[in-house]
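K.L.:
The following comprises the amino acid sequence and a computationally predicted model.
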Amino acid sequence: MNILHINTIDNKGGAAKVAWYLREELQKMGHVSPMYVGIKYSNDPDVHVVPWRFLQHKLMHLTGSDLHFTNSDHILKTDVYKNADVIHCHNLHSGFFDLSTMQKMAKEKPVIWTIQDLWPMTAGCTDTGRCLGERPRRFFLFLWDRRKAILKEKEKIYRHTDMHVVAGSRWTKQHMENSILKNNKQYLIHNAIDTRLFRPYEKETERKNLGLPADKKIILFVAVGGSQNGTKGWGFVKQTIDHYQDSDDITFLCIGGAPKEKEKNVIYTDYIEDKTLLARYYSASDVFLYPTMADSFGLVVAEAMACGTPVVTFNTDAVPELVEHKKNGYVAEYKNFEDLLAGLQWVLGLKAEEVKKMRSDSSQKITEHFSLESMVNKYMELYNAAIRERKNINEKKGKMKITQRIANKLSRLFAFIKEKKMMFYEKFLPSTTEEERSKIETLRHDFAKLSSAKTSSKMTGVWSSYCLNLQKYVQKRDPRNFLNWDIIRYSMFYGGKSEELEYVRSLPSWEKWKKALKESPVGKPQPYKKMTETSGNMLHYAYSLSLLAETFQMNPKEARRVFEFGGGYGGMARLFFNLGFNGEYYIFDLPEFTALQKYYLQSTGLQTLKNARATKGISLIDKVEILQKNPIINADILIGTWSLSETPLDFRNKILSLVKNPKYYLISYQESFRGIDNARYFTEFEKSISNYEWKHFPIKHLPGNYYLLGKKK
């Protein structure tokens, strides 16, 4: 296999080392593994540098963006790229690579992108420390701030790039899931080190071989740039050195570079590329001090632990995934020097047997969970899967038979004819009554206001096209027939299943449900063929609600307060009132759907309020600020039938946090949606709320879909 790696730097720094180690192992396995970089330190002839353009950095600085002016398209013209089976991108920042190049690559070859910092998800900052204090990125240094535009541009590129995105730590994966990368295919493959080289060596022997004092406690610090690396906590290391300056039994060992003024109790060395030599230094030390300010993994932490060296660090980003407090090291409160010092004293004060166990636990954890062999095997599996996926896509494109193409065209033609037929039918609908005309004018007025305010796509790009099309339909078509519009039928109208009718009919309370199922003529719903007085959609609502009622022996009629997230056109709300519900009903939705719900519900004789709390009736809410100001507390039922699972993670979490302490949950979802693993999300959601009795099960007649029903204990 031929895997082309692309990275900012070839072999210096944690992120670069991960790519370098992976590349070396692939070459040992017989694979071809060239590399393109922005900055080259090695003498490897298979590492190539992306040519820099004249004034490239100056133009980036002036425009406030590092996404343009690079010469990365040069790679596409090379034989190195043309011969590659897989493109594996790593760090792509620092102004050597244009993300549009990756988009072009993904159209031709499988692309893997390993995320090692926050740059892919931000306007340019790379870690938590820099992002917290990030300054505006101004056009021409003093004009408008470009950060929002940069994020938007990145998101657009990702949306149109078919790639496999890998996180090197759980911390990074969590950030990816709630970022502009959330809709891409995501994986977790932990960064790793070569445990054949980074392993425990005999401490006393290595001290003698390395010329280190045998009778002192050695505190080690390792970072590229050594004393110049503030991100890795040199300021706290310096404070620690000053604290122990009069201690004759303590020596500091700083690997990576020395300051201009050296202290008497510190041994400095230059950056060490020899992994075996570095492992011997780790093994010779009593403790590895690593007060990092930001870290998406902590490769040097893994190296130290593999050598059996206890680590004292801050509770920073992904580092606690490696260091377990007082098991294989000490995790101090972030930026708390006193706690950091206490951690050092605790480790240095351990008894010999305790030190031996800690060294063993440290080494064992890295060997079992963060070995290079495991990481390489997982990447090989991903490479092969990506190649197979690309091959299948190409075969489908290349082998599509003419009959299939004709069938597709015929299908589009029939859909077009059906829609034209429906438009023709609408022309011969009876003349509108004064009441109908008034409601239609109100609906069109509401949509006109939304159109001028450009409110579509507020929540998610998935629904933005629906909202824009819905605006056109409302203005040009007859809303009295809206349930037959293709835009409605494709997005929210359900044909019904016989299994659902059989279930509801089997209930002792069937007569009650039968009355509630009676459909309204508003919108001209298509009758369900096995029960013509209702529709497939109304039947589906009844099936979902009756499952909740029967599972927990509750009566929807007796609920006082119901909150529905994503109410479609209002069918579930109408079912509640058909059942005799007489309380507060809240629907939160996009403004376009809220306007449609208002039209439908008022046309069926129900009263609605907009963005207001109601003591009775239906309140339609389309502004999250309303919920933030007045959260829905003690709702009897929270309903999210497929709507939650089609919403970005950050927004669904926000909504769930604003509807507090419901007695019951009625949630249904599809297994995955635009790269989001909903099955995992809702399983974790269920586990996170222990004071509920949960019923979580697949919907047999809708493969790949699930119900999650909950009752407060």
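P.N.:
That came through, no problem. Residues are numbered from 1 along each chain as shown.
K.L.:
When you work out contacts or count neighbours from here on, use the C-alpha atoms and nothing else.
P.N.:
OK.
K.L.:
Which positions within the helix or strand where Lys238 lies qualify as buried?
P.N.:
Under the criterion of DSSP states H and E, Lys238 resides in helix 234-243. Going by neighbour count (16 or more other CA atoms under 10 Å), the buried part of helix 234-243 is Trp234, Gly235, Phe236, Val237, Thr240, Ile241.
K.L.:
ok, now stretch 527-544?
P.N.:
527-528, 534-544.
K.L.:
Among the residues you listed, which are located in strands?
P.N.:
Pro527, Tyr528, Thr534, Ser535 (DSSP state E).
K.L.:
Need those in TSV (columns: pLDDT and distance to His175).
P.N.:
Shown next, in TSV, are those (pLDDT from 0 to 100; distance: CA to CA, whole Å):
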residue	pLDDT	distance to His175
Pro527	91	46
Tyr528	93	45
Thr534	95	45
Ser535	93	42
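K.L.:
Same list, these, but as CSV with distance to Thr128 please.
P.N.:
Shown next, in CSV, are those (distance: CA to CA, whole Å):
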residue, distance to Thr128
Pro527, 56
Tyr528, 55
Thr534, 55
Ser535, 52
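K.L.:
quick check, nearest of those to Thr195?
P.N.:
Closest to Thr195 out of these is Ser535 (63.5 Å), distances taken as CA to CA.
K.L.:
Please report how far the closest one lies from Ile9.
P.N.:
62 Å (CA to CA, to the nearest Å).
K.L.:
related to what we said a few turns ago, which element follows the helix holding Lys238 toward the C-terminus?
P.N.:
Helix 234-243 is succeeded, C-terminally, by strand 250-255 (DSSP H and E).
K.L.:
Pull the number of nearby residues for Thr615.
P.N.:
13 (other CA atoms under 10 Å).
K.L.:
Find the nearest non-adjacent residue to it, please.
P.N.:
The shortest distance from Thr615 to any non-neighbouring residue, by CA to CA, 6 or more residues apart in numbering, is to Glu584 (5.7 Å).
K.L.:
Can you get me the start-to-end distance on stretch 622-636?
P.N.:
21 Å.
K.L.:
Go through that stretch and flag the buried ones.
P.N.:
Neighbour counts over stretch 622-636 (16+ other CA under 10 Å) mark Asp622, Val624, Leu627, Ile632, Ala635, Asp636 as buried.
K.L.:
In strands, which of those fall?
P.N.:
Ile632.
K.L.:
Using CSV, lay out the buried residues of stretch 622-636 together with pLDDT and distance to Arg390.
P.N.:
Formatted as CSV, these follow (pLDDT from 0 to 100; distance: CA to CA, whole Å):
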residue, pLDDT, distance to Arg390
Asp622, 91, 41
Val624, 89, 41
Leu627, 88, 45
Ile632, 88, 47
Ala635, 92, 48
Asp636, 95, 48
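K.L.:
Show me which of the buried residues of stretch 622-636 is closest to Arg196.
P.N.:
Taking the buried residues of stretch 622-636 together and measuring to Arg196 by CA to CA, the closest member is Val624, at 53.9 Å.
K.L.:
Distance check, the closest one against Ala352.
P.N.:
Distance from Val624 to Ala352, counting by CA to CA: 58 Å.
K.L.:
same deal with Tyr669?
P.N.:
Counting by CA to CA, the gap from Tyr669 to Ala352 is 55 Å.
K.L.:
More neighbours: which of the two?
P.N.:
Tyr669 (23 against 9).
K.L.:
so what does the helix or strand where that one lies touch, helix or strand wise?
P.N.:
Tyr669 belongs to strand 664-670 when assigned by DSSP H and E. Contacts defined by 3 or more CA pairs under 8 Å, 6 or more residues apart in numbering; DSSP states H and E place strand 664-670 against helix 536-552, strand 637-641, helix 678-688, strand 705-712.
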